[in-house]
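> What shape does this take:
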Amino acid sequence: MSTRIAFLKGHGTENDFVIVPDPENLIDLTPAAVAALCDRRAGIGGDGVLHVVRSAAHPEAAGMAAEAEWFMDYRNGDGSIAEMCGNGVRVFARYLQHAGHVTEGDLAVATRGGVKRVHIAKDGDVTVGMGTARLPEGDVTVSVGDRSWPARNVNMGNPHAVAFVDDLSDAGDLYAPPPFSPAVAYPDGVNVEFVVDRGPRHVAMRVHERGSGETRSCGTGACAVAVATARRDGADPAETGTPATYTVDVPGGTLVITERPDGEIEMTGPAVIVAEGELDANWLENAAR
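Purely as a prediction, here's the structure:
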């Protein structure tokens with residue numbers, strides 16, 4: 001292995017990532033290595049790692065190689081594996097453009113949540129087809145301290161609990177995962193969004209992402225919030241035949257979410273590469289232990 005390993009740093013509405021280009025899947029990114037990379041004091045710092053691998057070179061993505069050349073091997077900041085990361089897909093696409101692998105226009109990205117369709121616009125924004133939302137039945141409750149709220153169970157390829165509150169401060173410090181019930185609703189944990197109204201089809205949110213804590217933005221969370229808000233407002237594009245578009249403010253910026261009549265959800269927002277450099281391979285090898 002080379003003594004130096006390339007990396008980049010990027011963010012989408014301040015949901016930030018360490019990007020590790022590894023086309024042939026030669027770098028062993030253990031959970032410990034990922035956590036070390038994401039450490040904001042002893043490492044590079046980020047909410048997660050975008051491991052950039054050719055689909056054909058990764059056993060989890062080889063079956064998608066005919067549709068998508070590149071696989072987003074995404075890891076949460078604690079080293080755990082996640083099915084999808086909406087902001088991460090946008091930053092992943094921006095990296096591919098930055099590296100000269102793609103240009104403006106349409107491309108496909110393989111993820112553990114399936115192949116995602118992406119459009120890089122001339123104005124710089126990136127739109128991601130996020131798939132469809134599932135709305136599992138059953139009542140869910142989330143809590144902060146001695147207060148509890150009903151939450152909408154929304155699955156965007158990863159699980160979300162969306163709670164409408166009077167003020168975003170009701171979410172507390174979000175250092176620890178907000179308790180939820182019943183436990184069987186989310187056997188593998190859940191991303192919890194707290195939401196307030198800002199205006200017609202305009203909401204704001206804070207989120208605790210499982211494995212990362214509170215983040216400045218969550219793309220799948222913003223999609224889940226838009227769908228939950230639309231249903232609360234009595235809007236279901238599958239029934240009306242009319243797309244529903246919501247503006248979702250996150251602490252790190254603004255995302256625009258559209259749910260189409262066919263159920264496909266599109267998310268549009270910025271994606272920025274802010275730095276690139278080299279990791280010391282010896283440091284990473286020691287961190288991986």
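> Which residue ranges of this structure form helices?
31-38, 86-98, 219-232, 237-240, 281-287 (DSSP state H).
> And the shortest one, how far out from the chain middle?
Relative to its chain's centre, helix 237-240 lies at 26 Å (C-alpha atoms, centre = their mean, to the nearest Å).
> do the third one as well
Going by C-alpha atoms, centre = their mean, the spacing between the C-alpha centre of helix 219-232 and its chain's C-alpha centre is 14 Å.
> Skipping its backbone neighbours, what lies nearest residue 57 in space?
Counting by C-beta to C-beta, 6 or more residues apart in numbering, residue 25 is the residue found nearest to residue 57 once chain neighbours are left out, at 4.2 Å. (Glycine included, C-beta is placed from N, CA and C.)
> and the one you found, what are its phi and psi?
phi 60, psi 50 (degrees, to the nearest 10).
> Just give me the neighbour total for it.
Residues within reach of residue 25, counting by other C-beta atoms under 10 Å, total 20.
> Does it touch residue 54 like I think?
Yes. With contact defined as C-beta atoms under 8 Å, residue 25 reaches residue 54; the gap is 7.5 Å.
> in the stretch 1-150 of the chain, which spans are strands?
4-12, 15-21, 48-54, 70-76, 105-111, 114-120, 126-129, 140-144, 147-155 (DSSP state E, counting those that start in this stretch).
> For the second one, give me every contacting residue.
Residues from elsewhere that reach strand 15-21, judged by C-beta atoms under 8 Å, 6 or more residues apart in numbering: 5-11, 27, 29, 37-38, 43-52, 85, 87-88, 91-92, 95, 99, 215-219, 250, 252, 273.
> mind redoing it with 7 Å?
6-11, 27, 29, 37-38, 44, 46-52, 87-88, 91, 95, 99, 215-218, 252 (C-beta atoms under 7 Å, 6 or more residues apart in numbering).
> what's the average pLDDT for stretch 223-239?
Average pLDDT, stretch 223-239: 97.
> residue contacts, the residue lying closest to residue 109 once chain neighbours are set aside?
Excluding the flanking residues, the one nearest residue 109 by C-beta to C-beta, 6+ apart is residue 116, at 4.9 Å. Residue 116 makes contact with 89, 109, 128, 129, according to C-beta under 7 Å, 6+ apart.
> Format the residues you listed as JSON lines; extra columns: neighbour count, pLDDT and distance to residue 156.
Conversion of the contacts of residue 116 to JSON lines gives the following (neighbours: other C-beta atoms under 10 Å; pLDDT from 0 to 100; distance: C-beta to C-beta, whole Å):
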{"residue": "89", "neighbour count": "28", "pLDDT": "95", "distance to residue 156": "12"}
{"residue": "109", "neighbour count": "26", "pLDDT": "97", "distance to residue 156": "16"}
{"residue": "128", "neighbour count": "28", "pLDDT": "96", "distance to residue 156": "11"}
{"residue": "129", "neighbour count": "19", "pLDDT": "96", "distance to residue 156": "12"}
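> Show me which of the residues you listed is closest to residue 76.
For the contacts of residue 116, the closest approach to residue 76 (C-beta to C-beta) belongs to residue 89, at 14.8 Å.
> Chain neighbours aside, what residue packs nearest to that closest one?
Using C-beta to C-beta, 6+ apart, the closest residue to residue 89 is residue 128 (4.9 Å).
> in the sheet, who's paired with that neighbour?
residue 118, residue 267 (DSSP bridges).
> What is the neighbour count of the closest residue to residue 279 other than its chain neighbours?
Distances taken as C-beta to C-beta, 6+ apart place residue 5 nearest to residue 279, at 4.3 Å, with adjacent residues excluded. Counted with other C-beta under 10 Å, residues neighbouring residue 5 total 19.
> roughly how far apart are residue 5 and residue 27?
7 Å (C-beta to C-beta, to the nearest Å).
> now swap in residue 257 and tell me
Where residue 27 is concerned, residue 257 sits at a distance of 34 Å (C-beta to C-beta).
> Mind checking which of those two has more residues around it?
Shown here are residue 257 and residue 27; by other C-beta under 10 Å, residue 257 has more neighbours (27 against 18).
> show me what contacts that one?
222, 223, 226, 245, 246, 248, 265, 267.
> Local confidence estimate at residue 2?
56.
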